[in-house]
Structure formats: structure tokens, C-alpha cells
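Undergrad: sequence below, structure please.
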Amino acid sequence: MKKKWKILLMCVVVLAAIAAWCFVPRSAVEEDYRIHLVEVGEGLVDVTDQVDLETLGDLLQNAKRLGYHRGGNTIRMGTRHVLILGMDKTGPVNISLDEDACSVDRGDALGHYPLLNGEELLKQVWALLPEP
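TA: Just a heads-up that it's a prediction; the model follows:
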């Protein structure tokens, strides 16, 4: 009987660890994140030269993502779409913000990680962008 309880306890510990890995928020970008390209709109117009990259980078430093990923490209580009391409010490980090989906692609071929409060982040980023 004791052996069954030990196995059950181990299963609970493993499930708790998996839940923590998936649902505990973590930084969307590392401290050394550098933005290389900012594109907006359905046609993805390059506005990199018109954006304060330092302020945008500071804003993204505070962004949080979840640990699980959504497979494949679930991004639909609308008129308020923002695509931010950059790199940190782990490799490429691409942030896609849209009214339908806000996510981070860490270049690991696993898919897109959902951003927490992505709609609010989109509003804050949109405020930094030049007027169309």
C-alpha cells in the first residue's frame, strides 16, 4: 500500500512541475534584447527608423509570456499588426502583436508562446509608432 502512495505522490509532483513550467509567467525577452526591425500594418511597412528603439525595448523587457507554445503560425495580420524582429543571447526573438493574437517566436521551431496582456502591450507599442 505504501508503494502505491509513493507512486501517486510522484505523479502529483510531476504534474505540478509541468503546470508550473507551462503557466508560470516568464520574461518574453532577455535583458540583452536588441531590436533590428519594426514593421506595421497588413503590408508590413518598415518603420524602424521612425521608432525610439530604446523605449520600445524597455517596454518589451517588462512583457511576460507563458511557458507553453501554440504550434504553427497562428498569426493573422490586420491593419494594427506590429511585427518586431530582434535577437538576444539565446537567438532570434520575434514578437507579433495583433488584435487577434499576441505572441513570441523564440526561433526554437516549437511555435509561438502566448504573451500575457498582449492587447495592452499592443496599445502601448502602437502609441510609440509614427502616425500612419
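
Undergrad: do you know the pLDDT at the spatially most central residue of the chain?
TA: Centroid-nearest residue in the chain, with CA atoms, centre = their mean: residue 104, separated by 2.7 Å. Residue 104 is assigned 89 on the pLDDT scale.

Undergrad: shouldn't it be in contact with residue 111?
TA: No: contact criterion CB atoms under 8 Å: residue 104 and residue 111 do not qualify, at 10.2 Å. For glycine as for every other residue, the C-beta is placed from the backbone atoms N, C-alpha and C.

Undergrad: burial measure for the closest residue to residue 57 other than its chain neighbours, as a count.
TA: Nearest residue to residue 57 in three dimensions, chain neighbours excluded: residue 35, at 5.7 Å (CB to CB, 6 or more residues apart in numbering). Neighbours of residue 35 under the rule other CB atoms under 10 Å: 19.

Undergrad: give me the element residue 35 is part of.
TA: Using DSSP states H and E, residue 35 maps to strand 34-40.

Undergrad: so what touches the longest helix anywhere in the chain?
TA: Selection of the longest helix in the chain by residue count, based on DSSP state H, yields helix 2-23. Residues outside helix 2-23 that contact it (CB atoms under 8 Å, 6 or more residues apart in numbering): 66-68.

Undergrad: burial count for residue 30?
TA: Applying other CB under 10 Å, I find that residue 30 has 14 neighbouring residues.

Undergrad: how about it: what's its closest non-neighbour residue?
TA: According to CB to CB, 6+ apart, the nearest residue to residue 30 is residue 88 (3.7 Å).
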